[in-house]
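Asker: I would like the atomic coordinates for the input below:
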Amino acid sequence: FTRNPDYQFPERRLRQLVEEAAGPEATDFLDATRLATALIGDSIATNLFVLGYAWQKGLVPVSEAALMQAIELNAVAVENNKRAFRWGRAAAHDPAAVEAAAAPRHETRSHHLSRSFEELVERRVAFLTDYQSARYARRYRRLVERAREAEAARAPGLSGFATAVARYYFKLLAYKDEYEVARLYSDPTFRDAVDDQFEGDFKLQVHLAPPLLPGRDRDSGQPKKRAFGPWVFTAFRWLAKFKVLRGTPLDPFGHTADRRRERHLIDDYQALIDELIAGLGHDNHALAVELAAIPERIRGYGHVKAAHLADAKAREAELLAAWRDPETARTAAE
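Answerer: Numbering: from 1, shown residues only. Modelled structure (predicted):
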């Protein structure tokens with residue numbers, strides 16, 4: 001609806017449009033992703049949750065037995081998908097009971113959206129301090145502040161550039177490596193979240209593909225995943241303490257291709273933002289925002305991330321060509 005990256009289509013208006021199209025009597029609204037994640041432990045369960053909800057409402061002309069058979073034939077997360085379907089049915093029948101079952105039993109961190117640029121930055125500074133160090137967070141803040149000052153001075157009245165830098169420089173700095181995985185699994189809130197989802201006596205296993213262990217998947221050629229039992233959480237607590245080695249010559253994981261690539265991406269992005277700050281103005285502000293948001297295209301891990309990175313770099317090259325020679329870019333477009 002707009003090129004402003006901070007814009008959000010008003011939920012009230014969106015609901016109104018849906019009701020106008022379908023009719024109020026044929027419209028239900030529920031936070032399916034939140035409920036499915038709380039009840040099943042994975043947002044991907046949302047699809048089957050919604051399917052169960054619609055089936056209970058009589059909107060799916062297929063028998064439950066046929067749907068269960070389809071889930072089994074798909075052979076992916078069979079039990080979780082069946083559970084999500086049943087919870088969706090329950091939500092259509094007794095939404096209050098499902099809300100009560102999904103309510104967390106522990107106080108959790110706030111996940112509200114940042115209400116201002118300052119809050120957006122401060123939350124990321126706090127995260128990066130936990131992720132690595134206060135020095136690492138200051139590195140983030142310095143570049144963001146330079147972007148904010150340049151935007152205010154050279155493109156007064158416009159916004160979006162500093163926000164894009166704040167979002168996507170953070171994304172590159174906070175790459176999820178072995179130390180970060182260990183830190184997140186060691187965080188007490190992880191165990192609290194698990195306890196909210198499951199009751200009784202249960203045992204946790206974590207499936208990992210450590211880069212320093214031998215073995216490749218026969219079909220994909222990617223590092224082979226292995227199941228690690230409860231003892232791995234003790235190892236995580238120890239590994240998290242060694243995050244100070246991240247990016248140093250003593251980092252045992254830092255010599256892998258993935259880790260070298262992530263550090264190069266950070267350096268490349270800093271150089272890009274330096275160039276954008278130096279040439280920023282009203283005429284090229286929108287282009288600067290798009291360039292600063294390039295890391296949004298880089299998603300996933302391993303070979304999936306590599307594919308997205310190639311696409312992102314290709315688009316970045318196109319935009320940089322237009323930035324450095326706007327007249328040539330304008331002629332080509334005409």
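
Asker: contacts, neighbours, all on C-alpha from now
Answerer: OK.

Asker: got a list of contacts for the host helix or strand of Val181?
Answerer: For Val181, the element it lies in under DSSP states H and E is helix 178-186. By CA atoms under 8 Å, 6 or more residues apart in numbering, the surrounding residues in contact with helix 178-186 are 131, 190-191, 233, 236-237, 239-240, 242-243, 246, 253.

Asker: Ok, stretch 143-162 next?
Answerer: Contacts for stretch 143-162 (CA under 8 Å, 6+ apart): 4-6, 165-166, 270, 273, 277, 280-282, 285, 288-289, 292.

Asker: Most neighbours among the contacts of helix 178-186, which one?
Answerer: Counting neighbours by other CA atoms under 10 Å, Tyr131 leads the contacts of helix 178-186 with 23 neighbours.

Asker: Which residues are in contact with it?
Answerer: Contact partners of Tyr131, counting by CA under 8 Å, 6+ apart, are 174, 180, 183, 243.

Asker: Let me see the contact set for the first one.
Answerer: For Ala174, the contacting residues are 128, 131, by CA under 8 Å, 6+ apart.

Asker: Check it and give its pLDDT.
Answerer: If you check Ala174, the pLDDT there is 91.

Asker: same deal with the third one?
Answerer: Arg183 is assigned a pLDDT of 87 by the prediction.

Asker: mind checking how far it is from Val76?
Answerer: If you measure Arg183 against Val76 using CA to CA, to the nearest Å, the figure is 29 Å.

Asker: What is the distance between the helix holding Val181 and the centre of its chain?
Answerer: The chain centre lies 16 Å from the centre of helix 178-186; the measure is CA atoms, centre = their mean, to the nearest Å.

Asker: cool, stretch 147-156 as well?
Answerer: 28 Å.

Asker: moving C-terminal of the helix or strand hosting Lys241, what's the next helix or strand?
Answerer: Per DSSP H and E, Lys241 falls inside helix 232-241. As assigned by DSSP H and E, the chain's next helix or strand after helix 232-241 is helix 257-279.

Asker: Show me what counts as buried in that following helix.
Answerer: 258-259, 262-263, 265-266, 269-270, 272-273, 276-277 (16 or more other CA atoms under 10 Å).

Asker: Who are the packing partners of it?
Answerer: helix 134-154, helix 161-173, helix 285-292 (3 or more CA pairs under 8 Å, 6 or more residues apart in numbering; DSSP states H and E).

Asker: okay, the angle between the first one and helix 161-173?
Answerer: Pointing back at helix 134-154 there. Interaxial angle, helix 134-154 versus helix 161-173 (axes from the mean of the first three to the mean of the last three CA atoms, to 10 degrees): 160 degrees.
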